[in-house]
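Visitor: Sequence and predicted structure are below.
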Amino acid sequence: MQELQGKTAFITGGASGIGFSMARAFGAAGMNVVLADINEDDLGAAVDELRERQIKVAGVRCDVADRKSLEQAADETVAAFGKVHVVCNNAGVGAGGAIGTLKPGDWDWTIAVNLMGVVYGTEAFLPHIRAHGEGGHFVNTASMAGLISIPGMEPYTASKYAVVGMSEGWAGQLAPENIGVSVLCPGFVRTRIHESARARQDRFGPAADERDPERVEAARQLILGGLDPERVGARVVEAVQAGELYIFTHPDMAPLFAERARNIEAAFLRASESPALAGAVYKTPDQIKVFD
């Protein structure tokens, strides 16, 4: 999707962090921008800043864990600008802890926002993109934690692995309709995700009591020392224009993924040498393809 001028981008979690960096980058490229966020104070300030930059912008309060909220946001986006072309399912939260210490609400909250928020956003906006027939693009925010498991962050990791897998599948489904899909997998970025409980919906209950202050501070320092989010926004714009499926922002993390790939390849090799499987005549059907 090379031409962005005059088109419209919708961004969840758009009032801060990576979402707001994408909003500034898409706006600088000449797009109309709709910011969606659950925090109304942050949302108002972000809309004001974009207007000061002469970007055409609208804001909508949106709870991505609520399907109807995203469906309403989609309707409001079309009402504001007529059409929508780029949808960034970006809102995310972080929850983790030692096994056995997490509350059910921590799992429910993380999956509802990080995973189902992407599902709801895609399903709410896809009919609008199909309706105008001009093509479009979805950007789904995952994480390097969607490719490399981090002990102690299992709810977050599970949700981000799911976003990677869904994005890969949707990319294949939507390519014939000229609708692209990208999955954004950043490493540490200077955002407020370590404070994401500030916007936790009441229905998920209070967060688990964190009893390891050293772990909390270490995570905080990694995030605050992370990449400037402005670079992430710029990277997303160039990747959308290039039609890239995977959007990486931390190339120095490639060896970590390579190590995982080597471990998986070694496991396939052990399977090929397994006495338990020796002589098996089953063959996976040739028509099964992951990427065409």
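Guide: Ah, there it is.
Visitor: Make sure residue 24 is actually in contact with residue 230.
Guide: Yes. Residue 24 lies in contact with residue 230 (CB atoms under 8 Å); the separation is 7.2 Å. Where C-beta positions appear, they are placed from N, C-alpha and C, glycine not excepted.
Visitor: more crowded one of those two?
Guide: residue 24 (21 against 15; other CB atoms under 10 Å).
Visitor: The residue nearest to the more buried one when sequence neighbours are not counted: helix or strand, and which one exactly?
Guide: Distances taken as CB to CB, 6 or more residues apart in numbering put residue 233 closest to residue 24, at 5.9 Å, once the chain neighbours are dropped. According to DSSP states H and E, residue 233 maps onto helix 229-242.
Visitor: ok, now residue 128?
Guide: Taking DSSP H and E as the criterion, residue 128 maps to helix 117-132.
Visitor: In PDB, could you pull the C-alpha coordinates for the helix holding residue 233?
Guide: What follows is helix 229-242, C-alpha atoms only, in PDB (Å, rounded to 0.1, in the frame of the first residue of the first chain):
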ATOM      1  CA  PRO A 229       9.000   4.900  19.900                       C
ATOM      2  CA  GLU A 230       9.300   7.500  17.100                       C
ATOM      3  CA  ARG A 231      11.600   5.100  15.200                       C
ATOM      4  CA  VAL A 232       9.000   2.300  15.600                       C
ATOM      5  CA  GLY A 233       6.300   4.500  14.000                       C
ATOM      6  CA  ALA A 234       8.500   5.400  11.100                       C
ATOM      7  CA  ARG A 235       9.400   1.700  10.700                       C
ATOM      8  CA  VAL A 236       5.800   0.700  10.500                       C
ATOM      9  CA  VAL A 237       5.000   3.300   7.800                       C
ATOM     10  CA  GLU A 238       7.800   2.100   5.600                       C
ATOM     11  CA  ALA A 239       6.800  -1.600   6.200                       C
ATOM     12  CA  VAL A 240       3.200  -0.900   5.300                       C
ATOM     13  CA  GLN A 241       4.300   0.800   2.100                       C
ATOM     14  CA  ALA A 242       6.600  -2.100   1.200                       C
END
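Visitor: quick one: buried residues of it?
Guide: 229, 232, 233, 234, 235, 236, 237, 239, 240 (16 or more other CB atoms under 10 Å).
Visitor: Repeat that for stretch 119-136.
Guide: 119, 120, 121, 122, 124, 125, 126, 128, 129, 135, 136.
Visitor: Out of those residues, flag the one nearest to residue 148.
Guide: residue 119 (23.0 Å; CB to CB).
Visitor: For that closest one, which non-adjacent residue is spatially closest?
Guide: residue 166 (7.2 Å).
Visitor: Heading C-terminal from the helix or strand hosting that neighbour, find the next helix or strand.
Guide: Taking DSSP H and E as the definition, residue 166 sits inside helix 154-174. Per DSSP H and E, the first helix or strand lying C-terminal to helix 154-174 is strand 179-185.
Visitor: what is the mean pLDDT for that next one?
Guide: Mean per-residue pLDDT for strand 179-185: 98.
Visitor: can you offset everything so residue one is 536?
Guide: Okay, using 536 as the starting number, the last item reads as strand 714-720.
Visitor: in its sheet, what does it sit against?
Guide: strand 671-676 (parallel), strand 781-783 (parallel) (DSSP bridges).
Visitor: what angle separates it from helix 652-667?
Guide: 160 degrees (axes from the mean of the first three to the mean of the last three CA atoms, to 10 degrees).
Visitor: What pLDDT is listed against the closest residue to residue 780 other than its chain neighbours?
Guide: Nearest non-adjacent residue to residue 780, counting by CB to CB, 6+ apart: residue 706, 5.4 Å away. For residue 706, the pLDDT comes out at 98.
Visitor: ok, residue 706 - how many residues close by?
Guide: The number of residues near residue 706, taken as other CB under 10 Å, comes to 20.
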